[in-house]
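S.K.: sequence first, predicted coordinates after that:
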Amino acid sequence: MEAALAGQGHTPAGSARAAELVILNTCTVTSAADGDVHQAIRRLRRENPAARVMVTGCYAQRSPEELAALPGVDWVVGNSHKTEIAEIVAREWDTVRPSGAGIDFHGLVHAGDIGAQTAFLSAPVQDAAGDRTRPNLKIQDGCNNLCTFCIIPSVRGHSRSAAAEDAAGQVRALATHYREVVLSGINLGRWGRERGFAAPGGGPARLAGLVRRLLDETPIERLRLSSIEPMDFSDDLLRMMAAEPRLAAHVHAPLQSGCDATLKRMKRRYRARHYATRVETARAWMPDAAIGADVMAGFPGETDAEFEESRRFIEAMPFTYLHVFTYSERPGTPAGTYPGAVPVRVRKERNAVLRELAAAKNVAFRQRFVGRKVSAVTLEGGLSALSTNYLKVELARPRPANHLVSVRIGGLTAAGLREENPLAVLPS
Ligand code: SF4
């Protein structure tokens with residue numbers, strides 16, 4: 001968006017307070033995310049009443065009229081029209097808020113059928129990178145699954161993928177500045193699976209093949225895969241991860257529930273035993289890898305017995321961390337109308353139980369590295385680093401940011417590891 005606006009002669013303002021135009025790129029994955037958007041709009045209006053405000057992203061796609069009715073929103077642009085933002089601004093700058101108009105009016109809406117979007121759109125790599133030390137590179141968008149709790153397919157559209165050559169070109173460019181690149185997508189494991197996608201070399205396009213190509217054709221020192229649906233962790237992919245030190249030893253596979261009845265109502269495409277085979281294979285082949293999952297507490301109809309089944313399954317899995325979500329009803333999703341809503345208090349209690357379980361597993365995992373060396377990339381500020389297996393290491397002495405280092409672990413911090421301090425272990 002920034003690149004498109006720069007093409008129209010706009011320049012970036014130092015802050016939202018100083019800007020003439022503010023674009024708010026929104027999330028709508030939970031009701032809490034929606035609340036954050038409302039709060040951000042109110043804050044923006046307080047701090048900069050003169051700015052024109054455009055709201056875009058997933059909330060804008062899900063419910064454009066709702067946002068357009070909020071005071072101080074000049075435009076609402078759905079994901080379907082995100083590529084047209086620079087043209088919309090040029091065309092409607094004066095009409096959207098004629099000089100002297102207040103902010104109490106109905107914003108203009110540009111939103112349509114996201115399902116019709118077949119192009120893969122991503123920002124030029126320099127813009128995606130910013131000044132972070134571990135840039136995310138989006139190589140896939142959208143999702144064809146129909147998980148009953150999820151709003152994402154309706155706001156992001158069908159699965160579509162970046163061309164392999166483009167991904168390689170972007171990783172090559174990022175490798176000139178960064179040690180680690182994180183490959184991301186809405187449903188990353190489906191990279192290249194859409195009908196008509198041209199596979200490199202003519203065979204079927206698979207994520208494992210793309211990763212191999214990125215490792216072979218670029219000098220990137222560390223490639224990390226973000227979340228991948230469990231059944232897309234193929235043996236090929238796990239075997240490569242186990243054998244290739246440049247590929248981060250990090251498996252993140254959303255689980256949501258360890259109870260088959262709940263998984264069925266969620267319309268997840270696997271059952272607990274299928275999930276277990278993937279995660280147990282990952283652990284067998286990579287004893288030190290990070291293994292993480294998203295899990296949901298309080299899905300409609302989740303009885304005490306179902307929750308307990310899920311908790312026991314999670315306890316038995318070799319997870320090293322969990323992202324625990326409290327279920328929240330999303331308007332427009334099938335689960336939003338399911339009977340058997342779990343009281344919010346119970347959802348929160350279950351969330352707390354799973355977090356406690358995750359914390360205990362995480363401590364046990366971290367303890368295994370005391371006295372051992374880990375490979376890590378130093379982060380911004382040079383005081384900490386992120387290990388290949390996703391542990392944050394507090395450094396004993398500052399290092400330049402954005403370097404690959406090998407660090408001996410002296411102990412644990414509250415949430416991560418601490419580098420051994422060589423001075424502290426000298427005999428007195
Ligand atoms: S696979 Fe993920 S993005 Fe796709 S519908 Fe399910 S939860 Fe949503």
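M.R.: Done, it's in. Since the model is a prediction, treat every value here as computed from it, not as a measurement.
S.K.: tell me which parts of the stretch 51-200 of the chain are close to the ligand?
M.R.: Within the stretch 51-200 of the chain, the positions near the ligand by Cβ under 6 Å from any ligand atom are 143, 145, 147, 150, 152, 153, 186, 187. Bear in mind the C-beta positions are built from the backbone N, C-alpha and C, glycine included.
S.K.: just the buried ones from those residues, in PyMOL syntax?
M.R.: Provided next is the PyMOL selection string for whichever of those are buried by 16 or more other Cβ atoms under 10 Å:
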select buried, resi 143+147+150+152+153+186+187
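S.K.: just the closest residue of the stretch 301-428 of the chain to the ligand, please.
M.R.: Closest approach of the stretch 301-428 of the chain to the ligand (Cβ to the nearest ligand atom) occurs at residue 333, with a separation of 9.4 Å.
S.K.: that residue: neighbouring residues, count only.
M.R.: By other Cβ atoms under 10 Å, the residues close to residue 333 number 18.
S.K.: contacting residues around it?
M.R.: Contacts for residue 333 were tallied using Cβ atoms under 8 Å, 6 or more residues apart in numbering; they are 148, 149, 150, 151.
S.K.: and of the residues you listed, the nearest to the ligand?
M.R.: Each of the contacts of residue 333 was checked against the ligand using Cβ to the nearest ligand atom; the closest is residue 150, at 3.1 Å.
S.K.: give me the nearest residue to that closest one, chain neighbours excluded.
M.R.: Residue nearest to residue 150 in three dimensions, not counting chain neighbours: residue 333, with 6.4 Å by Cβ to Cβ, 6 or more residues apart in numbering.
S.K.: quick revisit: would TSV of the residues of the stretch 51-200 of the chain next to the ligand with pLDDT, distance to residue 60 and secondary structure be doable?
M.R.: Formatted as TSV, these follow (pLDDT from 0 to 100; distance: Cβ to Cβ, whole Å; DSSP: H, G, I helix; E, B strand; the rest coil):
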residue	pLDDT	distance to residue 60	secondary structure
143	96	18	coil
145	96	22	coil
147	98	22	coil
150	96	18	coil
152	93	14	helix
153	92	16	helix
186	96	17	coil
187	97	21	coil
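S.K.: could I get the residues of the stretch 51-200 of the chain next to the ligand as JSON lines with distance to residue 419?
M.R.: Supplementary listing: those in JSON lines, determined by distance: Cβ to Cβ, whole Å:
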{"residue": "143", "distance to residue 419": "40"}
{"residue": "145", "distance to residue 419": "41"}
{"residue": "147", "distance to residue 419": "41"}
{"residue": "150", "distance to residue 419": "40"}
{"residue": "152", "distance to residue 419": "39"}
{"residue": "153", "distance to residue 419": "43"}
{"residue": "186", "distance to residue 419": "36"}
{"residue": "187", "distance to residue 419": "37"}
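S.K.: how about the residues of the stretch 51-200 of the chain next to the ligand, which pair is most distant?
M.R.: The two members of those with the most space between them (Cβ to Cβ) are 147 and 186, at 11.7 Å.
S.K.: and the pLDDT for residue 97?
M.R.: Looking at residue 97, its pLDDT stands at 73.
S.K.: that one and residue 54 touch, don't they?
M.R.: No - with contact taken as Cβ atoms under 8 Å, residue 97 and residue 54 are classed as non-touching, separated by 11.4 Å.
S.K.: which of these two has more neighbours?
M.R.: Neighbour totals were compared for residue 97 and residue 54, and residue 54 leads with 25 against 21 (other Cβ under 10 Å).
S.K.: that older thread, nearest to residue 380, of the residues of the stretch 51-200 of the chain next to the ligand?
M.R.: Looking across those and measuring by Cβ to Cβ, the closest to residue 380 is residue 186, at 26.4 Å.
S.K.: so who does residue 272 touch?
M.R.: Contact analysis of residue 272 by Cβ under 8 Å, 6+ apart lists 258, 259, 260, 263, 313.
S.K.: ok, residue 211 next?
M.R.: For residue 211, the contact set (Cβ under 8 Å, 6+ apart) comprises 183, 223, 225, 237, 240, 247.
S.K.: the same query, at a cut-off of 10 Å, please.
M.R.: The contact partners of residue 211, taken as Cβ atoms under 10 Å, 6 or more residues apart in numbering, are 167, 183, 191, 223, 225, 236, 237, 240, 241, 244, 246, 247.
S.K.: which of those residues fall in helices?
M.R.: Applying DSSP state H to these, the entries found in helices are 167, 236, 237, 240, 241.
S.K.: of the contacts of residue 333, which is the most crowded?
M.R.: In terms of neighbour count, residue 149 stands highest of those at 23 neighbours, by other Cβ under 10 Å.
S.K.: give me the element that one is part of.
M.R.: Following DSSP states H and E, one finds residue 149 outside all helices and strands.
S.K.: and it, how close does it get to residue 166?
M.R.: 32 Å (Cβ to Cβ, to the nearest Å).
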